[in-house]
Every structure is written in structure tokens, then in C-alpha cells.
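# Sequence plus the predicted model coming up.
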Amino acid sequence: MKISRSFVLTVAIVVWAGLILPSHNLKAQQNNGDGFVRIQGRDQPTPDAAPAASPEILVDLREEMRNFVQSLSNYARQINPDFIILAMGGLDLMIKRDQIDEERVSPARSYTRSIDGVIIKGPFYSDKNFGQPPSKDYQDYLDKMAGFAKKSGLRIFSMDFGTGKNIVNGAYRKSKAKGYVSLTLDAEPLDVDNLPRYPSKPFDENPKSVVSLKDVKNYVFIGNSQGMGRVDEFALKMKDTNYDMVIVDVFHGRLPLSKRAVETLKYKKIGAKRLVLAYLDIGSAASYRYYWQPGWREGSPLWISAPYRGDPDRYHVQFWQPEWQRIISGDSQSFLYGIINQGFDGVVLDGLEAYKFYEGGGEEETQQQQ
């Protein structure tokens, strides 16, 4: 039996203006002790730290994540046909591996057609070994995945990690040689609370208006806008720059960015328009997000699994479960609808590699050894 993918919302998630948080009616899952889920065509033990889905449901986790992304893409584009979907990581989702011979791959066309581009993390300077080049094997892997992305017509953005002019210049030079749009961060994305110290102006500063990803020559990511003052101060500081694309967290502290702030972000200092995308993690739940209910914890509701190492306020989630998917997308009270309603041009989807936690038996994994 395949898991239900219905997106008929039966729970109220949020009213953006007032952040009204009604209770959720969550159905308990049953476990008959079989202790196995279906992963990439094979039965795997269910991890103790991550409560399993109903055992009679066989779950291909990678396909479930593809379907999740495709469903929210379809939903968003029913409202705004030009809405941009940018995938952060999850490069393996672009291909499907043969269940018998994993060396045989084919393109996952339905998935790649549901997104507009990808952000490759750490292609030249790693976030795992901060500021250090990744392993040769990992670089080869990324090159191969970038090839699939290009063949699928996706725009590629690089996100490197480190400090100092040499690293920033090196990442830009290497990215440009491969046709990527470069950004180097000095912290993990969600911890970035200010504009880059270097360069003072974006590389390839562009005087023209930007209306699609193909026009973007540079971009910036702000994961914690509180570090830039009040909402109006933050918006004005960003307007005083000429980045072609701005990616921000939806929330400024505990409150969502106002429509006015989002509209302000859409203009460069020179007056030309640019793209503004919202960050959305679809693979983890955070206790500081608006949807979190009193009494929620690991295992309650059952689709909330173990907390992240080093980040106990974020939890792995069984992303294929309808209750979680309804929080994210599918109705006028979902997280994604709130983003669209605020006037964002698109969304950056993170958490796409959440399937690896469950494939790894409840152990956090990276895409490849970096």
C-alpha cells in the first residue's frame, strides 16, 4: 500500500498576520513490531530513535521526497505560475538508481521539471570542514550531479564556506569557470546575520532588472535577519545593495516579514527589480517555529523523530507523513501559502536529504564524505 499523499488540509496551521496557532488533530500510527521499512527497493530495519510509519506501508524514501517536492511545486504554481522553486542540496533526487544495479541511473524528469535550479553546498570550500576544500571524490560526485542539473536545464548556484579574500575570490573564480553563480558564507546559512564583509559590492554587479533565475549573476543569503535591526531597518539595509537575488528566512525573530518589507527587498539600490526567495526547510521541524504545539517532543506526535546533533531545537521528521506535509503545503493555511501570500518570488527548499537519516538507521549522514 502506498502512503497517502492527500493534501486536503484538516488542521489549521497559521494566520500570518497574527500567528494564530490552533491545535492539530493528529492520528496515531500503529506498529506491529515488524521493524522494517522499504528503502530504495530493500527492506531495512526501522531505527529505534525514529518512530516508524505504519509497518504495512512500504516507503521508498527518495521517491517520497521527490513526490513531496513535486506536490508543493504544483500547488505553488497553481497560485502563481511564475513561482520559483530552488532546491538546496538533495542532488541525488535528480536521478533514479536501478534497484538491481545501482550503477545504472536514469534522470528523474518529473522531479527536475518541478524545480528551477539547485544550490550546491561546499563545491570548493566545505561547510563540514569549514573553509577547507572537499575531498576529490566529493568534488567528482558534485561535478557529475551538476552535469545532470545542466542537462535538465536547471540553473546552478554554488554556496561555499570560509573567510578571507583568498577563499572568496577562489570560490568565485572556480564557480564562474563552471557556470555557477557564486556565494561564500562565513557561517552556516541559518546563522548568517549580516551582509558579506567581502566583497563590499557583489561580484558581477548588474544594473538591469532581474525577473528570472537565468538573469541572476549574484545572490546573498540572510538566515537570521534579527542581526540587522528592526524589520524596517533590515529591509532598508538590503535595499541599499545591488544583489540580483536575495534569500531570507520568512521570519524576523518570531514574526513573519511584513508584505511591505518583502516588497522593499525586491528593489536594488539602483532602483532595478530583483528576486526575493524565502527559505523553507521541509525535512525538519523546529520548536521555535509557529506550528510547534505545546507537548510536542520526540515521538509525540509519532512523526517527530530524534533531534539534530548540535541543534536540539530541530527534529528529524518523517517527511512522508500526511500530517507533516499538510503543515508545509496544500492549503491557504499552510506554510507555503503564507510565503506566497507575503509576495515572495519563490522558495528555497532545504532539508531535501532528510531521507538519509532514515536510510542510515537513525544516524545523520552527509551526501558523500566531504
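Received it, and whenever you're ready, just let me know what you need. Numbering: from 1, shown residues only.

# Every contact and neighbour count from this point should use C-alpha atoms.
Fine.

# just so I have it, where are all the strands in the stretch 201-350 of the chain?
For the stretch 201-350 of the chain, the strands defined by DSSP state E, counting those that start in this stretch cover 219-222, 245-249, 251-252, 255-256, 275-281, 284-286, 304-308, 311-317, 346-350.

# In JSON lines, list those along with mean pLDDT and distance to Glu298.
Listed next are those as JSON lines, based on pLDDT from 0 to 100; distance: least, Cα to Cα, whole Å:
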{"stretch": "strand 219-222", "mean pLDDT": "98", "distance to Glu298": "29"}
{"stretch": "strand 245-249", "mean pLDDT": "98", "distance to Glu298": "25"}
{"stretch": "strand 251-252", "mean pLDDT": "95", "distance to Glu298": "24"}
{"stretch": "strand 255-256", "mean pLDDT": "92", "distance to Glu298": "25"}
{"stretch": "strand 275-281", "mean pLDDT": "98", "distance to Glu298": "18"}
{"stretch": "strand 284-286", "mean pLDDT": "97", "distance to Glu298": "11"}
{"stretch": "strand 304-308", "mean pLDDT": "96", "distance to Glu298": "5"}
{"stretch": "strand 311-317", "mean pLDDT": "96", "distance to Glu298": "7"}
{"stretch": "strand 346-350", "mean pLDDT": "98", "distance to Glu298": "21"}
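
# between those strands, which gets nearest to Pro199?
Closest approach to Pro199 among these (Cα to Cα): strand 219-222, 11.5 Å.

# Put together TSV for the strands of the stretch 201-350 of the chain, with distance to Asp82 and mean neighbour count on each row.
Below are these laid out as TSV (distance: least, Cα to Cα, whole Å; neighbours: other Cα atoms under 10 Å):
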stretch	distance to Asp82	mean neighbour count
strand 219-222	19	23
strand 245-249	15	23
strand 251-252	23	20
strand 255-256	22	18
strand 275-281	12	24
strand 284-286	27	20
strand 304-308	33	21
strand 311-317	29	18
strand 346-350	8	23
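
# Let me know the average pLDDT across whichever helix in the chain runs longest.
Longest helix in the chain by number of residues (criterion: DSSP state H): helix 61-79. Helix 61-79 shows a mean pLDDT of 97.

# Can you give me the buried ones in that helix?
By 16 or more other Cα atoms under 10 Å, the buried positions in helix 61-79 come out as 61-73, 75-77.

# could you say what helices and strands that helix packs with?
Applying 3 or more Cα pairs under 8 Å, 6 or more residues apart in numbering; DSSP states H and E, one finds that helix 61-79 contacts strand 36-39, helix 109-112, helix 335-341, helix 355-359.

# contacts for stretch 304-315?
Applying Cα atoms under 8 Å, 6 or more residues apart in numbering, the external contacts of stretch 304-315 come out as 49-51, 284-288, 297-299, 316-318, 362.

# what about it, start to end distance?
One end of stretch 304-315 to the other measures 7 Å (Cα to Cα, to the nearest Å).

# Equivalent analysis for stretch 187-194, please.
Start-to-end span of stretch 187-194 (Cα to Cα) is 10 Å.

# So Ile156 sits against Ala146, correct?
Yes. Taking Cα atoms under 8 Å as the definition, Ile156 is a contact partner of Ala146 at 7.5 Å.

# what about the helices in the protein?
61-79, 109-112, 136-151, 165-178, 231-239, 259-265, 322-328, 335-341, 355-359.

# Compute the inter-axis angle for the longest helix of the chain and strand 346-350.
With axes from the mean of the first three to the mean of the last three Cα atoms, to 10 degrees defining the directions, helix 61-79 sits at 170 degrees from strand 346-350.

# then helix 61-79 to CSV, C-alphas only?
Extracted in CSV, the C-alpha atoms of helix 61-79 (Å, rounded to 0.1, in the frame of the first residue of the first chain):
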residue,chain,number,x,y,z
LEU,A,61,12.0,7.4,0.9
ARG,A,62,13.7,9.1,-2.1
GLU,A,63,10.7,8.8,-4.2
GLU,A,64,8.5,10.1,-1.4
MET,A,65,10.8,13.2,-1.1
ARG,A,66,10.5,13.7,-4.9
ASN,A,67,6.7,13.4,-4.7
PHE,A,68,6.7,15.9,-1.8
VAL,A,69,8.6,18.5,-3.8
GLN,A,70,6.5,17.9,-6.9
SER,A,71,3.3,18.3,-5.0
LEU,A,72,4.3,21.6,-3.3
SER,A,73,5.6,22.9,-6.7
ASN,A,74,2.3,22.1,-8.4
TYR,A,75,0.4,23.7,-5.5
ALA,A,76,2.5,26.9,-5.6
ARG,A,77,2.3,27.2,-9.4
GLN,A,78,-1.5,26.9,-9.3
ILE,A,79,-1.4,30.1,-7.4
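
# Show me which parts of stretch 340-347 are buried, residue by residue.
Quick answer for stretch 340-347 (16+ other Cα under 10 Å): Ile340, Gln342, Gly343, Phe344, Asp345, Gly346, Val347.

# sorry, back to before: please name whichever of the helices and strands packed on helix 61-79 is nearest to Asp244.
helix 335-341 (19.6 Å).

# For that closest one, the averaged confidence score.
97.

# In terms of secondary structure, what does it contact?
helix 61-79, helix 322-328.

# packing partners for the shortest one?
Looking back up the chat, that one is helix 322-328. Partner elements for helix 322-328 (3+ Cα pairs under 8 Å, 6+ apart): helix 335-341.

# In the helix it packs on, which residues are buried?
Buried-residue list, helix 335-341, by 16+ other Cα under 10 Å: Phe335, Leu336, Tyr337, Gly338, Ile339, Ile340.
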